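Asks: give me the fold of what follows.
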Amino acid sequence: MRRTIEQAEQLAEKLRALPAVEDKTREISKQEEVRLLAADILALIRERNWTIQQVAEYLTAEGLEIGAPTLKSYLQRSKASSKKPAGKRKTATISVPPDSTQNVSRPSEGLPSTPSIGERAAAALSQAPSNTSSATAAITRRDRQQL
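Replies: A predicted model of the protein is given here:
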């Protein structure tokens, strides 16, 4: 079954509209728990003059068995992950003429718009290296009878 970019965009819009499912009974790793508690832990250290060692001992007494070096490492990772963009891929910049966005309705007005699936597909095609075969070879051209 072949699908179009328009169908994929409609499906993506529906997926973005789905509510979040919260499962508070799911098990998490120590690193994930430290990431969730990072703001509170850092507030203890910065504002209340606790040491990493004291925080680690308190967390261990409360059931989160963790040493000071591990806690420090996890806190550094949580800071680094909050500064980095979500993915490792480079984001494509797409220039859209101002006239083309007049009839487009964005459900989240005021929020930064994310490129649609069609825009991302077009950007991926335009960035494909020319010395290798790519999806651009499969696009039908008006001046050719066959692909």
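
Asks: give me the neighbour count for residue 47.
Replies: Residue neighbour count, defined by other Cβ atoms under 10 Å, stands at 8 for residue 47. Where you see a C-beta, it was placed from the backbone N, CA and C, and this is true even at glycine.

Asks: whoops, I mixed them up, residue 8
Replies: Residues near residue 8, counting by other Cβ under 10 Å: 15.

Asks: just the element for it, please.
Replies: Using DSSP states H and E, residue 8 falls within helix 5-17.

Asks: and that helix, what's its mean pLDDT?
Replies: Regarding helix 5-17, the rounded mean pLDDT is 94.

Asks: name the element the nearest residue to residue 64 once chain neighbours are set aside belongs to?
Replies: Nearest residue to residue 64, sequence neighbours excluded (Cβ to Cβ, 6 or more residues apart in numbering): residue 33, at 6.1 Å. Residue 33 is located in helix 30-47, with elements delineated by DSSP H and E.

Asks: going by neighbour count, list what's buried in that helix.
Replies: 34, 35, 37, 38, 41, 44 (16 or more other Cβ atoms under 10 Å).

Asks: end-to-end on stretch 17-24?
Replies: 22 Å (Cα to Cα, to the nearest Å).

Asks: and residue 48, how far from residue 71?
Replies: For residue 48, the distance to residue 71 equals 16 Å [Cβ to Cβ, to the nearest Å].

Asks: these two - which one has more neighbours?
Replies: Just comparing residue 48 and residue 71: by other Cβ under 10 Å the higher neighbour count belongs to residue 71, 22 against 9.

Asks: for that one, which non-adjacent residue is closest in space?
Replies: residue 56 (4.7 Å).

Asks: so for residue 47, what's the pLDDT?
Replies: 95.

Asks: rewinding a little: determine which two of the buried residues of helix 30-47 are furthest apart.
Replies: Pairwise distances across those (Cβ to Cβ) peak at 15.6 Å, for the pair 35 and 44.

Asks: next up, phi/psi of the nearest residue to residue 34 once chain neighbours are set aside, please.
Replies: Sequence neighbours aside, residue 74 is the residue nearest to residue 34 in space, at 4.0 Å (criterion: Cβ to Cβ, 6+ apart). Dihedral angles phi and psi of residue 74 (degrees, to the nearest 10) take the values phi -60, psi -40.
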